[in-house]
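Engineer: next comes the sequence, and after it the predicted model I'd like to discuss.
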Amino acid sequence: MKILVIHGPNLNLLGTREPEVYGSLTMEDINDSLKLLAKELGVEVAFFQSNFEGALVETVHKAASLYDGIVINPAAFTHTSVALRDAFSAVALPFVEVHISNVHSREAFRHTSYLSDIAVGVVAGLGLESYLGGFRGLVGKLRG
Ligand code: DQA
């Protein structure tokens with residue numbers, strides 16, 4: 001089984017970006033923890049980050065023939081991107097949406113997600129554990 005983890009815009013700045021909201025872990029720290037979890041679960045994992053909506057859309061298209069599922073933190077595109085939603089609908093690849101912060105306790109514009117209702121699951125507000133829980137949950141779902 002192969003899982004792709006996608007990080008959306010500005011997540012390459014984790015570690016220095018608003019640490020009071022997003023904590024001190026870097027994206028590489030998160031990826032390292034996911035690699036350990038993938039090994040424990042006996043699945044393959046790959047990673048992609050982009051600040052560009054089109055690059056994320058194209059990555060979802062390509063993922064359809066390469067991976068069994070996606071864990072994505074769509075970051076700001078969560079709240080804006082019909083294109084990303086349509087990409088997931090088009091490929092029908094199971095995905096879990098994750099957020100480091102609890103988007104529902106923040107500004108009103110973060111309460112809307114263009115992806116949540118077509119995701120297998122959503123995990124928010126648990127920092128690194130959002131990614132780990134989302135990854136574990138997706139693998140469990142895919143294994144039935
Ligand atoms: C985020 C929450 C989004 O609202 C925000 O735009 C991000 C990160 C999170 O992980 O908490 O960039 O997805």
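Structural biologist: Sure thing, it's come through.

Engineer: switch to C-alpha atoms for all contacts and neighbour counts from now on
Structural biologist: OK.

Engineer: identify the residues contacting the residue nearest the centre of the chain.
Structural biologist: A centroid search over the chain (CA atoms, centre = their mean) returns residue 72, at 1.6 Å, as the residue closest to the centre. Under the criterion of CA atoms under 8 Å, 6 or more residues apart in numbering, the neighbours of residue 72 are 5, 6, 7, 8, 95, 96, 97, 98.

Engineer: apply 6 Å and report the result again.
Structural biologist: 5, 6, 97 (CA atoms under 6 Å, 6 or more residues apart in numbering).

Engineer: in strands, which of those fall?
Structural biologist: 5, 6, 97 (DSSP state E).

Engineer: how much space separates the residue nearest to the last one when sequence neighbours are not counted from residue 58?
Structural biologist: Taking CA to CA, 6 or more residues apart in numbering, and ignoring the residues beside it in sequence, residue 97 has residue 122 as its nearest neighbour in space, at 4.8 Å. In this view, residue 122 and residue 58 are 22 Å apart by CA to CA, to the nearest Å.

Engineer: neighbour count winner among those two?
Structural biologist: Neighbour count, other CA atoms under 10 Å: between residue 122 and residue 58, residue 122 has more, with 21 against 12.

Engineer: quick check, that one in a helix?
Structural biologist: No - if the criterion is DSSP: H, G, I helix; E, B strand; the rest coil, then residue 122 is strand and not within a helix.
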